[in-house]
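> using only what follows, build the 3D model:
(2 chains)
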Amino acid sequence: MTDPAAGPAAVPILDVAGLSASYGTFRALFDVSFRVPDGAVVALLGSNGAGKSTVARVVSGLVPSTAGTVHLAGTDITRMAANRIAGQGLSHVPEGRAIFSSLTVEENLTLAFRRAAGRKRIKDLLGRAYLAFPILAERRQQRAGTLSGGQQRILSLAKVLALPPRLLIVDELSLGLAPVIVDAVYDGLAAIRDAGSSILIVEQQIDRALGLADEAVLLAKGSVAWSGLSGEAAAAMDAILGGHGAVDPGPAPTEHEEN
Amino acid sequence: MSHFLDYAIPGVPYGCDFALMAVGLVLTFRATGVFNLAFGAQAFTGAFIFDLLVTAHHVNQWVAFMVAVLVVSPLLGLAFDRFLFRVIPTASTTAKVVTALGLLIAIPQAIPIIFRNTTSLQTTGFWLDPGHVYLNLAGSPVNGGQLSTTVVTLAVAAALVAMLRFTAFGLEMRAVVESRRLAQLEGINSKRTAAWAWVLSSVLAGLAGVLMLPLSGGNLVPSQPLQFTTLLVFGLTAAAVASVRSIPIALVAGIGLGILQNLITGYLPNSSILSAQNVKEALPFAVLAGVLLFNRELRTIEVSSDPLAACDPPPPLPAVAIRDPRLSVPMTWGFRLVVVGFLVSAATWVPDYWVTALASGLVLSVIFLSITLITGMGGWLSLCQASFAGLGAFTAGELAAHLNLPVLLGALVGALAAATTGAVIALVAARLSGLLLALFTLAFALFADGLLFNLSWLGGGNTVVVPRPQIGPVDFSRGDRNFLGLAFVVLVVCAILVKLIQRGTTGMVLAALRGSPTAAASLGISMLRQRVIIFTLSAGMAGLGGALYGSLLVRVSSLSYLYVYSLAFVVVVITTGSRSVEGAVNAGMSYAVLLLILQTYFPHYTGLEPILFAFGAMTYAAHPEGIVEYQKTRWLNRVARALQALDARRARTAGPDPAGPQPATVGGDISGA
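All right, here's what the predicted structure looks like:
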């Protein structure tokens, strides 16, 4: 684990500077800046509608930014297409259903492995994924859309676990899952970190995220309200949001956050 | 039994051609989300280029085949992708259908003009000689044309299925179909995959076109691409049988349709109303309508499965929302001044041939207002408005001829007949939504052209006289100036009616339905009821406008109300702006005036007008709210900015004023950027 205070000499895996973005006429992000040090786990926290998912989408190239820059391990990826960013070693597991429901479990995995690792290693990687999550091996020929919500989340993690990216962005991974499955999902995340990936966790369930994270960034209404070590995050949130993990019911700057 | 085979076997090659179309449609829809109605035009292009090279330039047929099917067709598909559909990947299926419709109308008209070639498509053979019988199958002879079509189709289809099932490219394509964005997150270049899908499906279209040539025996006429539309409709039907999903089923369904068509031709008598010719004409539309109604799996094809759809920006605000309140008074008076100026000019100094054009513009505006009702307010795409108009005209004409009914009364009865038909269509198609409803109305339009308007009591395919009305001392048959006044009155009444509906409860309810059918249903709003209401009103208005149009021309036939006009009308109205009354009137007037200009100044280029409007449809890709609405937003934004600057300067000279006017610029600029 890199010490978060390692100083400016080390190139961070993700460097977001002055980022702004909007959906049509709707401005969602205002001058957002933060870093993910190499090898670290950073939690991106905030209430519903704070702009967390938008940050994730802009970084992975799904939503264009209107100002600011994004660097992945020193490479400028601000204007890159999403597929090229993925080629640079960034893996984004979006909120909700993040798998192809019309393809089978095995096809989903094959699709993920073929581009990144080449045809020859597919078999090896499939074996690794099935070893980590035996439930997937049982259902390899089943359409992914017929899996339960938790199994779908596990499928999207299995792709990443077998072939760890440089940076993993997971968006609301625990949303709507039973506590037991959330445990399994977070165990998976810990394993991915141990395999050498840096992780940006976007979460509303801050306790789980802070348990794994080294650092935390708190977003409020599209701007960074606080950032620092994860141990100090709870106190900071109390001060800023007026209550531990309080959900701000005020007008959401992005109505496009959910669904 | 031997009869059965005698009729069935010659149907197989036709069926193969339909199957190629169906497979191409499925492929494009699955890979790009575009229900590519321009497919008929692509097939036509392939056939035309092939024929041009072989007959006019005496090129070797294999070289011609290569150029037509493997070079020109894919390039056309790539152009579609690059310049049109890539611009609107997130637009609704309906929006994409409209753009494709524009191409379907434009391309068959444009190609002969571009190549200055008006000879019919006479090439009879490709590969095997159609004049030679190669083998006898169960007693019926199979000639070279039939054999080559069948063999090529089956080979191509098998290769395609294998590619999608077993190759990495096929896997990527299936992934892109489900969600472009999710595929991109996996590192797949979705744009390139979609472009390849366009290339592949365009090759199939070109192939279908070229293979159509030997089957038709040199009977295809470029200026009447109707045969290619029939080809398209059969392909569409086969694709619908396969729920626009399964390529093997589409293939089998296509071949089955070909056999069915031939069986019907063989078994039905040649006299009576059910004569083979009539039924053959109406068959594809009957089957299409049936499949649309009864194939339940089809109903889910439009349900967006993209989990990342939330990445799209919301639609822009309407122009009215950004209008500076200070503009209301000058704009209202300016509008009144324009109307009075128009009426005074039309009554006095405007030359006669212009009066006719202006009158037809007003009448067309009435028909176009029916599209404002159905598409602008209801959000449904109807592709049979010209058929409703025809119903109105023929009813009025027949009533005047046989019962001596005054034509205005006849027009009202015609409107009533059209309205009833509209209600029936809405009821029958109650469960269909969006794209399927549009296809269903297209099936009705083709049914009307092929069968309904050939019935003896609806014109029988001949010229029908719709006389000019006479009210008391005013005889509207003397010159068009009087008639223009009448058309103006009718248009104003219809416009007020539409405005009232827009502002009233129905308009609000329809807006709710457009916004969210689910939320509207939870409020107790019945989709079916609203749809019946709006279809009835719209069809009635179209019928009235159609009768008026007939009365303006006096002599009309079913050719005046062909389905092509339905398509062109929809494209024109949506291009100028389907949401507002102004949009419809703008569309009507500019359609008529442009037609006049083209006929007066470019008499040698018949067929230019659909091209212009179809290219208009392409601007729709960039501005789905319509040109009029877009320009209005742009100018209103400019005026708002100028007014703001003025306010700012005034505030500066008058000293700081914290309660100054708020900036009014919202929306519009983003779409213009």
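
> residue contacts, residue 193?
Reading this off chain A. The contact partners of residue A:193, taken as Cβ atoms under 8 Å, 6 or more residues apart in numbering or on different chains, are A:41, A:199, A:212. Glycine gets a C-beta too; all of them are placed from N, C-alpha and C.

> let's do chain B instead
Applying Cβ under 8 Å, 6+ apart, one finds that residue B:193 lies in contact with B:31, B:169, B:172-173, B:176, B:183.

> just residue A:177 next, same as before
Applying Cβ under 8 Å, 6+ apart, the residues contacting residue A:177 are A:149-150, A:153, A:185.

> in which helix or strand would I find it?
Under DSSP states H and E, no helix or strand contains residue A:177.

> which one of the contacts of residue A:193 is nearest residue B:450?
Closest approach to residue B:450 among the contacts of residue A:193 (Cβ to Cβ): residue A:199, at 63.2 Å.

> cross-check the contact I'm expecting between that closest one and residue A:192.
Yes. Contact criterion Cβ atoms under 8 Å: residue A:199 and residue A:192 qualify, at 6.7 Å.

> how is chain A carved up into domains?
A:10-89+A:166-248, A:100-164 (automatic domain parsing).

> does chain B sit close to the last one?
If I follow you right, that is domain A:100-164. Yes. Using Cβ under 8 Å from any Cβ of the partner chain, we find that domain A:100-164 touches chain B at A:100-103, A:107, A:110-112, A:114-116, A:119.

> give me the distance between that domain and the centre of its chain.
18 Å (Cα atoms, centre = their mean, to the nearest Å).

> now do the contacts for residue B:259.
Contacts for residue B:259 (Cβ under 8 Å, 6+ apart) come out as B:8, B:11-12, B:15.

> need those in JSON lines with neighbour count, can you?
Below are those laid out as JSON lines (neighbours: other Cβ atoms under 10 Å in any protein chain shown):
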{"residue": "B:8", "neighbour count": "18"}
{"residue": "B:11", "neighbour count": "23"}
{"residue": "B:12", "neighbour count": "21"}
{"residue": "B:15", "neighbour count": "28"}
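
> closest to residue B:645 out of those?
Of all the contacts of residue B:259, residue B:645 sits closest to residue B:15, with 67.4 Å by Cβ to Cβ.

> where does the closest one sit: helix, strand or coil?
The three-state assignment at residue B:15 reads helix, by DSSP: H, G, I helix; E, B strand; the rest coil.

> now name the helix or strand holding the closest residue to it other than its chain neighbours.
Excluding its sequence neighbours, the residue lying closest to residue B:15 (Cβ to Cβ, 6 or more residues apart in numbering or on different chains) is residue B:258, at 2.3 Å. Secondary structure from DSSP H and E places residue B:258 in helix B:247-267.

> before we move on, the earlier item: tell me how many other residues crowd the residue nearest to residue B:15.
Counted with other Cβ atoms under 10 Å in any protein chain shown, residues neighbouring residue B:258 total 24.

> for it, give me the pLDDT.
Residue B:258 carries a pLDDT value of 86.

> that one contacts residue B:8, doesn't it?
No. Counting by Cβ under 8 Å, residue B:258 stays clear of residue B:8, with 9.2 Å between them.

> now the contacts of residue B:259 in TSV, with pLDDT?
Output for the contacts of residue B:259, formatted as TSV (pLDDT from 0 to 100):
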residue	pLDDT
B:8	78
B:11	81
B:12	84
B:15	87
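
> let me know the secondary structure of residue B:141.
strand.

> repeat for residue B:240
Relying on three-state DSSP, one would call residue B:240 helix.

> could you tell me which residues make contact with it?
B:288, B:291-292, B:295, B:298, B:439.
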